[in-house]
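Novice: Here is the input, now give the coordinates:
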Amino acid sequence: MGRCDPLCDDRSFDHFPAEDGLHRERGASFARKETPAESRVHTARTSGRCWVLVRAGSESGPVLYEGTLIDGSALRYTLAAGRPWLWLRVGAPWNLQLSLNGKPPIALPTEPVNIVVTRSRTRRA
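Specialist: A predicted model of the protein is given here:
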């Protein structure tokens, strides 16, 4: 199960459990409402077990999520003006699909990787 930091109140976080119901954790929305033009949505979906660490702003930023996602789980973050980028450490990227604003998922390497997600793109750190 993952851990969400409830103290980071400038974010929006959703965690969708797997269809089998084994993973029951759900995040809460903490962000102010923005129009679609102001925000960008980053989604991570799993096709197998994958440990993920998500930090706000940099590799030393506050932890937004840390945990192992199971097959069929997803994380969804809204990148707003107040938090324009995320830093991720992904333990099993071959089991993860990352997309930004509904675009096709990006290709990930076959070894653990650090990733930076901005409002306009997703890239290796």
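Novice: Can you pull out the low-pLDDT segments for the protein?
Specialist: Counting by pLDDT under 70, the ranges of the chain that qualify are 1-39.
Novice: cutoff 80 now
Specialist: 1-39, 82-83 (pLDDT under 80).
Novice: what are the ranges of the strands in it?
Specialist: Using DSSP state E, the strands of the chain run over 3-4, 13-16, 40-46, 50-56, 63-69, 74-79, 85-90, 96-100, 113-118, 122-124.
Novice: Please tabulate those in CSV, including the columns distance to A107 and mean neighbour count.
Specialist: C-beta: built from backbone N, CA, C; applies to glycine. Below are the strands of the chain laid out as CSV (distance: least, Cβ to Cβ, whole Å; neighbours: other Cβ atoms under 10 Å):
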stretch, distance to A107, mean neighbour count
strand 3-4, 28, 16
strand 13-16, 23, 18
strand 40-46, 14, 20
strand 50-56, 15, 21
strand 63-69, 19, 20
strand 74-79, 18, 20
strand 85-90, 13, 21
strand 96-100, 10, 19
strand 113-118, 11, 17
strand 122-124, 10, 13
